[in-house]
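Visitor: Whatever this is, show me its structure:
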Amino acid sequence: MQALHNTTSEYFTWGCRHMPQRLVFFIGLLVMASQSALAASSPINVTLQLNWLHQFEFAGYYAALHKGFYKDAGLEVTLKEGSPNISPIDEVTQGRADFGVSSSGLVKSYLEGKPVIVLAPIFQHSPEVLLSLDPKIKTPSDVARAGAIGLQPGDESLDLKAMFVNEGIALDKLKVDTEANGLKDLLAGKIVAMNAYLSNEPFILQKRGIAYRVIDPNQYGMDFYNGVLFTSRTAEKAQPEVVSAFRRATLKGWEYALAHQDEVIGLILAGYNTQEKSRDYLIFEAKTLADLIGADVIQIGHSNPGRWRHIVETYAKFGIIKFNYSLDGFFYDPNPPPPDMTWLYRLLAATLLVGSVVAAIAVYIHRINRKLQTTQAHLVDSERRADAGQQRALEALAAQQQFIAMVSHEFRSPLAVIDISAQLLAKKPVVQTDSKAATLVTRIRRGTVRLAQFLDTCLTQDRLRDTGLLLKPAALDLAALAGAASEGAQLLADHHRIVTEVQPDLPPLQGDAELLRILLANLLSNAVKYSSPASEIRLRVTNVGDRHILEIIDHGCGIPADEVSHIFEKYRRGRLAAGTPGAGLGLALCWQIVQLHGGHIHVDSTQGVGTRVVVEFPAESSADAQTSQFADLPPT
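Guide: Numbers count the residues shown, from 1 in each chain. The predicted structure follows:
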């Protein structure tokens, strides 16, 4: 074999000496290209730093590794187990790991200058809570007074810290132990409370018959992401194809893990059970985490920039970070634009243009005088026409406003009469026993409700735009408001089922009853229009801390990802709305109403799965001091 190699080398050397230099150069390029191709076919080694000990919390990564998803993506992945004293953010930014798993505190590290970029928040709702065995501890204030608290280092327990600040407890007043040995130290009395996961420690205590108390940040307004997959900005810029491949394979692994929970539990028991959990323990963990991931409604790994900004605003409000911030560079774009070749096109265009410019200059100078004379005449004529056109536009706008007011006045009374008559007809025995008659009466009522709702939307839009609508805040019963809205929406629904969930003993909301009625009517109407037949639409009303939260959840066609940021624009209608009645006014009006009440609205949607609209109002609204001048345009 060595002799053959030597002979071949000598023959190649002789041939190169007698070949033209260009041919030798060409062969050299082919050799280098083949070497690059061989190198590219080798798997790339990357490391993922977990933020805790092995458990079902990281099931998607185990599935991606052992089902070959990482291998198919050309990656050789090493999983590094976490511990209480390891910060994944430090591991990644200091080059000891390529990827990491963190919490929503990642955004704080970014704003402090650490070069991190969020790839995918796996848990849409955080499972992290504060756990205590003391029956006297019921609130964060009780914990602060009781003694030492076991928390993770750095920004890994930021949700819990924000909860304390929200309750008026300064962080430097807390006795934080970042090296506490979890449940062992809690049972030994060395700490009075500890950061825990709803999917972990509660199971152990239940099995031992030990009573415990959970203080959930979600109940104090801290509903943040968790299980956040991230990398460094350096890695994303240096190897964008590796980052993209790792993210895709990871999300595929999570889809598999949630669909094959029993199989992945077996995998954990066989190779990752460093905590020696039982199968029942892992089943409990899997069920709890699956609910927090919410893959039945939201696409796994969905990252909402608006929600991240809300998290930052919450941190800023509590003084955890400064108010002046920018999230430019924090978000990962899974579909980056193609390489910018503009410079090449410009160079080619400039080369061709140089030859043409010299000849064109002479022609231009000759024609410029003639054009100036013609343009001057046109300007005089155009100004005259513009003045007349502006006057006609103003007259048309005034006529339109007068027409809307007339339509509203003239149509409301007969619409009310028609609706009342239809209700009376529906109670007649002859209608109740005749399905065709009952269907006809229902259609009559449905038509009047839709027309009245459309008139409300148009008239309110007009008042918001032109008259500076002044709100009329009052203490509102949210349960009654939600019930009335659901009843009206049920009338519009052919086969849908409207389900209303209202938290008991809700405090009143300071708001304008008429505008909030229009808000709920529009949101529920949209859910009905774009939901699958016979599907369920859920209206959920809760109170968290100092906020009222309204959620409308449907299982309809969803909204394409590139359209979500535009849905509150006036007259905006998506691609999937073709053929569905609508004018593109409702959501723009909803945005204005929420802003007038000092609230916040955002949308989570997955095409083909469904949509979740969340509206948040402060309990003590400042709406009485606001007019439509502060909310005339939706976000773009």
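Visitor: All the strands of the stretch 501-636 of the chain, residue numbers only.
Guide: Applying DSSP state E, counting those that start in this stretch to the stretch 501-636 of the chain gives strands spanning 509-512, 536-544, 547-554, 600-606, 610-618.
Visitor: In terms of secondary structure, what does the shortest one contact?
Guide: Going back to what we said before, that points to strand 509-512. Contacts defined by 3 or more Cβ pairs under 8 Å, 6 or more residues apart in numbering; DSSP states H and E place strand 509-512 against strand 473-476. C-betas here are computed from N, CA, C, even on glycine.
Visitor: Stretch 142-150: which residues count as buried?
Guide: Using 16 or more other Cβ atoms under 10 Å as the burial criterion, the residues of stretch 142-150 that qualify are Asp142, Val143, Ala144, Ala146, Ala148, Ile149, Gly150.
Visitor: And stretch 497-508, by the same measure?
Guide: Using 16+ other Cβ under 10 Å as the test for burial, stretch 497-508 gives Ile498, Thr500, Val502, Leu506.
Visitor: where does the first one land in three-state SS?
Guide: For Ile498, the assignment made with DSSP: H, G, I helix; E, B strand; the rest coil gives strand.
Visitor: show me what contacts it?
Guide: Ile498 makes contacts with Ser486, Ala489, Gln490, Leu524, Ile537, Leu539, as judged by Cβ atoms under 8 Å, 6 or more residues apart in numbering.
Visitor: Tell me which of the strands of the stretch 501-636 of the chain is the most buried.
Guide: strand 509-512 (a mean of 24; mean count of other Cβ atoms under 10 Å).
Visitor: State the mean pLDDT of that one.
Guide: Average pLDDT, strand 509-512: 88.
Visitor: now swap in stretch 164-183 and tell me
Guide: In this model, stretch 164-183 has a mean pLDDT of 89.
Visitor: State the three-state secondary structure for His302.
Guide: Judged by three-state DSSP, the three-state class of His302 is coil.
Visitor: how many neighbours does Ala73 have?
Guide: Ala73 has 21 neighbours, counted by other Cβ atoms under 10 Å.
Visitor: So that it lines up with my notes, have the first residue be 10 from now on.
Guide: Will do, 10 is the new start, and the previous item becomes Ala82.
Visitor: State the distance from it to Thr259.
Guide: Ala82 sits 9 Å away from Thr259, going by Cβ to Cβ, to the nearest Å.
Visitor: go on, Arg549?
Guide: Using Cβ to Cβ, we find Arg549 at a distance of 30 Å from Thr259.
Visitor: Including distance to His319, could the strands of the stretch 510-645 of the chain go into TSV?
Guide: Below are the strands of the stretch 510-645 of the chain laid out as TSV (distance: least, Cβ to Cβ, whole Å):
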stretch	distance to His319
strand 518-521	19
strand 545-553	13
strand 556-563	11
strand 609-615	6
strand 619-627	8
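Visitor: of those, which approaches Ile53 most closely?
Guide: Nearest to Ile53 among the strands of the stretch 510-645 of the chain is strand 609-615; the distance by Cβ to Cβ comes to 30.2 Å.
Visitor: what's the model's confidence in that closest one, averaged?
Guide: Taken as a whole, strand 609-615 carries a mean pLDDT of 90.
Visitor: That one packs against which elements?
Guide: Here strand 609-615 touches helix 314-326, helix 595-605, strand 619-627, going by 3+ Cβ pairs under 8 Å, 6+ apart.
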